[in-house]
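Q: Kindly generate the corresponding structure for this input.
(3 chains)
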Amino acid sequence: MNAQLDPAHDTHATADTGVRVRFRVYRYKAGDRAGHFDEFSLEVAPETTVLDALVAIRTRLDPSLVLRHSCFHASCGTCGMRVNDTEVMACVTKILDLGSATVKVEPIANGALLGDLATDMVDFYARLAAIGRPLIRESEWLPSSIVPEGIEAYNRFESCIECGLCTSACPIVATDPRYIGPAALAAACRAVEEPRGLDPGAIMGLVDDQQGAWRCHAAFECTEACPSAVDPAGAIMALRRRAASGRLRSLIGGRHA
Amino acid sequence: MTESASAPHVVIVGGGGTGGAVAHDLALRGLRVTLVERGELTSGTTGRHHGLLHSGARYAVKDRESAVECIEENRILRRIAPGSFEQNDGLFVAITEADEAYEPLFFESCLASDIPARRVSREEALRLEPNLNPAVRLAVQVPDGTMDAMRMPLRFFATAKRNGATIKPYTEAVAMTIVPSGTGRAVTGVSVLERTSGRRYEIGADLVVNAGGPWAEKIAALAGVDVPIAPSPGVLLAVRGRYANMVINRLHASGDGDIVVPQRELSVIGTSSWLADDPDHLSVPADHVAMMFAEGSALIPAIAKAQVRATWSAARPLIGERGATSGRELSRTFKCFDHAADGVEGFVTISGGKATTLRAMAEAAANVVCAKLGIDSPCRTREYVLAPHTAYYA
Amino acid sequence: MNEQPLERTTPERGTEGASPRRRGLAGWADPRGRRLGGLAFILNRLTGLGVLLYLSFHLVVLSLLARGPSAWDGFVSIAGSPLFLAFDVVLVFGLLFHGLNGIRVTLVGFGLVVERQRAMFVALMIVGAIALAVAAVRIFTAG
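A: As a prediction, this is how the structure comes out:
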């Protein structure tokens, strides 16, 4: 059986590259009174991502490091983190692109911690469940193509990968636990635009609320943080437009009733 | 499902798709199940694949049994996990003369494997998928699809949890309790390290299932047995841009980089293969990445200029030469090793398989487990509709 | 492998909190990692508070009028000092920023001009900068 390939050809190498980077990684275990930072040192290659480094740290330096990851291509949404104070998906964040000799890695904000870098997503999902998380939509790509025999219409997964970067970046979520939050509101907007069995009226009732779409203060940090082009801020404003025009119509309609 | 306190307790080591599906199957049969996984669920190999919901067409010519298995599971998954797939079918595309010559055999083999197939002319192929290589000669439409590599298996975990299974991620198996039994030994428990707290404790088990994928050898070593499974990694490439809505395959006998899978607004190209020693040390070789670009752009030329989203490696579990004669072949794509043959009772390794066949693999493994434990309970996973993935976090 | 062994710093206990649950004040006031919209949000809150403080101050000053000419003259004598004029410029900045950004927030808040909201912000800030410059000149040269 061959040994593994020569690491010199490994585009994501975490050793023997001659370029050393310092990592400050947030650590917290159940029962700790407070978190702290541990420091690690690794050599990296141009393509090495923050996730590659964290996995290497866990494998070679500290197996007690707890972190979430799965798909390695920003599709599963599990490896969201705050790297140098910015919300990113660790698996597609190249270390050398950060332009910093020290990389600070913290878990996403505004969520309870399971440990170290792993956030407990229970609260996040509870809000999505309340809305009714839509997973499939009609595909808007290649509108000129015909659809093959046996297929009614092309479909695709919803863009949202449930990473929590938007709720981490939102200044309102940081201070108000009652705010539904950008992720759930973006899901609500999709559900209202293409219901696929969900009840748009009930969903509008949930989001046309002081703690729903009206709680947002237009910081747009959610849209900037989103790795999947969901544009939650745009979705929130679209919901407001719907809510406002709905009220207006019923107001006008009421006069003629 | 309510299981009685006297029902046997099975501990599954390994939280990938296989482990999840076994947990679901055994929970439905009324057993008590605990699953431990050292990281996040599906963080091993399962989460990393390109997301193909296999029609089986790729195996139709060379491996009829695998093809039949795949198409059957393809249909079952659509039934038990509705709403978890981009269901746009797939095309096997002939680019060269050799590809075109391969088509009649390919087409007939699909039909013989009960895989619905439809011949598509060059013109129609380009109207279905305008970004195809204009040199396309013809194509065959088959029921491929895209699954979410993490969320679809997560439904198995969610359902198992709802039915009483205990799922413990960030919990690493570090030792096994082995006692003398009869003429040999028996595994009676797993010692685990709960990484979120540092706490170490033991979980008692009537039987332990090793569902560790390419880590299966490391886990088996905890029980003092050798299992001939090695990591065989391959490189994958994701580019920005949904260049096709259908899965695009190269119409030839299997090769590297011969598939482009659409996934949200990405296109995922895969894959290659080599042998590695350690599943925790997977490199991403530059020449393999270049190969993915080359093969992908042979199918869809725009890929050559596309923006890279990610490059990464994923390791298949490869059953080695020693395994050719040991272990029982549950099918052509997966195998079960009952380590009673190695003198260790209460320990079983399940390995191999494709992402699409996770349920079938679990059914076969659960049958072995139940036979060993003397449980007479039929498998119900073919019809049981899975809970949504969000239910895992409920 | 030649990397250095594990380096563990002395834990800085208590600096980060038990776990980064809601970030609270840091969640909105910390400008690190923020983009344009987030910085605008922070500044909107600060200018809002600032203008509120100014209003209270202004009412206190006005109450001096009720206390007769000598109290009022005392105030006017310092009101012309350069430091005070500088504060006036800061006040004008606060009013301009809050008002102009407020236009953006209001429009966007009803779902209007959402796609171009960054461009709108930049345009409004340019208008504000010009107005601030004019105001600053007039404040420091008048009387």
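Q: Where does the prediction get shaky in chain C?
A: Within chain C, the segments meeting pLDDT under 70 span C:1-21, C:143.
Q: Going along the chain, name the strands of it.
A: Secondary structure of chain C by DSSP state E: no strands are present.
Q: So for it, which residue is the most central one in space?
A: C:Thr47 (3.5 Å; C-alpha atoms, centre = their mean).
Q: Would you check how far apart that one and A:Gly80 are?
A: Counting by C-beta to C-beta, to the nearest Å, the gap between C:Thr47 and A:Gly80 amounts to 32 Å. No exception for glycine: its C-beta is placed from N, CA and C like everyone else's.
Q: And for B:Thr357?
A: From B:Thr357 over to A:Gly80 (counting by C-beta to C-beta), the distance is 31 Å.
Q: Check B:Ser283 too.
A: According to C-beta to C-beta, B:Ser283 and A:Gly80 sit 25 Å apart.
Q: tell me the domain boundaries of chain A?
A: The record's domain parsing of chain A by automatic domain parsing lists A:7-119, A:122-256.
Q: closest one to chain C among these?
A: domain A:122-256 (2.0 Å; C-beta to the nearest C-beta).
Q: Enumerate the positions of the longest helix along chain A that are buried.
A: In chain A, ranked by residue count with DSSP state H as the criterion, the top helix is helix A:232-256. Of all the residues in helix A:232-256, those buried under the rule 16 or more other C-beta atoms under 10 Å in any protein chain shown are A:232-244.
Q: Could you do stretch B:336-344 as well?
A: Residues of stretch B:336-344 classed as buried by neighbour count (16+ other C-beta under 10 Å): B:Cys336, B:Phe337, B:Asp338, B:His339, B:Asp342, B:Val344.
Q: quick one: contacts for the fourth one?
A: With contacts taken as C-beta atoms under 8 Å, 6 or more residues apart in numbering or on different chains, B:His339 has the following neighbours: B:Ala220, B:Ala223, B:Val225, B:Val227, B:Glu345, B:Phe347, B:Val348, B:Thr349.
Q: before we move on, the earlier item: how about the domains of chain A in a markdown table, adding mean pLDDT?
A: Putting those into a markdown table (pLDDT from 0 to 100) gives the following:
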| stretch | mean pLDDT |
| --- | --- |
| domain A:7-119 | 95 |
| domain A:122-256 | 92 |
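Q: Comparing those domains, which comes out most buried?
A: Each of these was scored by mean neighbour count; the highest is domain A:7-119, a mean of 21, by mean count of other C-beta atoms under 10 Å in any protein chain shown.
Q: ok, back up a step: so does the longest helix of chain A get close to chain B?
A: No. Figure legend: helix A:232-256 not in contact with chain B (C-beta under 8 Å from any C-beta of the partner chain); closest approach 15.9 Å.
Q: Which other helices and strands does that helix contact?
A: The elements that helix A:232-256 packs onto, with contact taken as 3 or more C-beta pairs under 8 Å, 6 or more residues apart in numbering or on different chains; DSSP states H and E, are helix A:182-193, helix A:200-207, helix A:221-225, helix C:82-109.
Q: Out of the ones you listed, which is closest to B:His9?
A: For these, proximity to B:His9 was assessed by C-beta to C-beta; helix A:182-193 is nearest, at 37.5 Å.
Q: so what's the residue in the stretch 1-150 of chain A that chain B sits nearest to up against?
A: Scanning the stretch 1-150 of chain A for proximity to chain B using C-beta to the nearest C-beta identifies A:Ser70 as nearest, at 3.0 Å. The contact partners of A:Ser70, taken as C-beta under 8 Å, 6+ apart, are A:Cys76, A:Thr78, A:Cys79, B:Glu40, B:Leu41, B:Thr42, B:Ser43, B:Thr46, B:Gly47, B:Arg48, B:Ala149, B:Met150.
Q: Quick one: low-confidence residue ranges for chain B.
A: Scanning chain B with the threshold set as pLDDT under 70 gives B:1-5, B:321-332.
Q: ok, the residue most central in space within chain A to chain B distance?
A: When chain A is reduced to its mean C-alpha position, the closest residue under C-alpha atoms, centre = their mean turns out to be A:Cys163, at 2.6 Å. A:Cys163 sits at a distance of 12 Å from chain B (criterion: C-beta to the nearest C-beta, to the nearest Å).
Q: measure the residue nearest to that residue when sequence neighbours are not counted to A:Ala184 for me?
A: Nearest-residue entry for A:Cys163: A:Gly77, 3.6 Å, with adjacent residues in sequence omitted and distances by C-beta to C-beta, 6 or more residues apart in numbering or on different chains. Distance of A:Gly77 to A:Ala184, given as C-beta to C-beta: 14 Å.
Q: Return the residues in contact with B:Ile269.
A: So B:Ile269 contacts B:50, B:236-239, B:257, B:259-261, B:292-293, B:295-296, B:303 (C-beta under 8 Å, 6+ apart).
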